[in-house]
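Colleague: Quick one: sequence and predicted model below, then my questions.
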Amino acid sequence: MTRKRFVKLLMAQGYSRNDAREVAMSVIARKKSYADAYREIEEVSTFFLPSLADTLERTVAAFSRLANAFGVAANAFVDAFHAAMNKSE
């Protein structure tokens, strides 16, 4: 497999061009073939990425709910503070 094909395959999996080039350089440094390295990357990707994507999706949803709850609490505090200040006048 050529370096160009290796980089293109990594980019098809979502790697940026720069990241794919860095991976290609590390493959050369480890004196491995691009085909062997790609098989390893593909195995890891198919094992981890679906569960990682689910985990990230749940994490983002949880943070979204947390941010929304914080916003609601902040609004309630501001409203209560505003009402208390108006009451004391």
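Modeller: Everything's here; your move. Just so you know, these numbers come straight off a predicted model, no measurement behind them.
Colleague: Regarding Met11, which helix or strand does it belong to?
Modeller: Using DSSP states H and E, Met11 sits in helix 3-12.
Colleague: Can you point out the buried residues in that helix?
Modeller: For helix 3-12, the neighbour count (16 or more other CB atoms under 10 Å) marks 6-7, 9-10 as buried. In short, each C-beta sits where N, CA and C put it, glycine included.
Colleague: Pull the distance from the helix or strand of the chain with the lowest mean pLDDT to the chain's centre.
Modeller: Taking mean pLDDT, DSSP states H and E as the measure, the chain has helix 34-88 as its least confident helix or strand, at a mean of 83. Here helix 34-88 is found 11 Å from its chain centre; the criterion is CA atoms, centre = their mean, to the nearest Å.
Colleague: orientation of it relative to helix 3-12 in degrees?
Modeller: Here helix 34-88 runs at an angle of 30 degrees relative to helix 3-12 (axes from the mean of the first three to the mean of the last three CA atoms, to 10 degrees).
Colleague: Nearest to the spatial middle of the chain, which residue is it?
Modeller: Note on the chain: the residue nearest the mean C-alpha position is Leu56, at 6.8 Å, using CA atoms, centre = their mean.
Colleague: Next one: that one from Lys32, what distance?
Modeller: Remark: distance between Leu56 and Lys32 (CB to CB, to the nearest Å) = 29 Å.
Colleague: how much space is there between Val72 and Leu66?
Modeller: Val72 sits 11 Å away from Leu66, taking CB to CB as the criterion.
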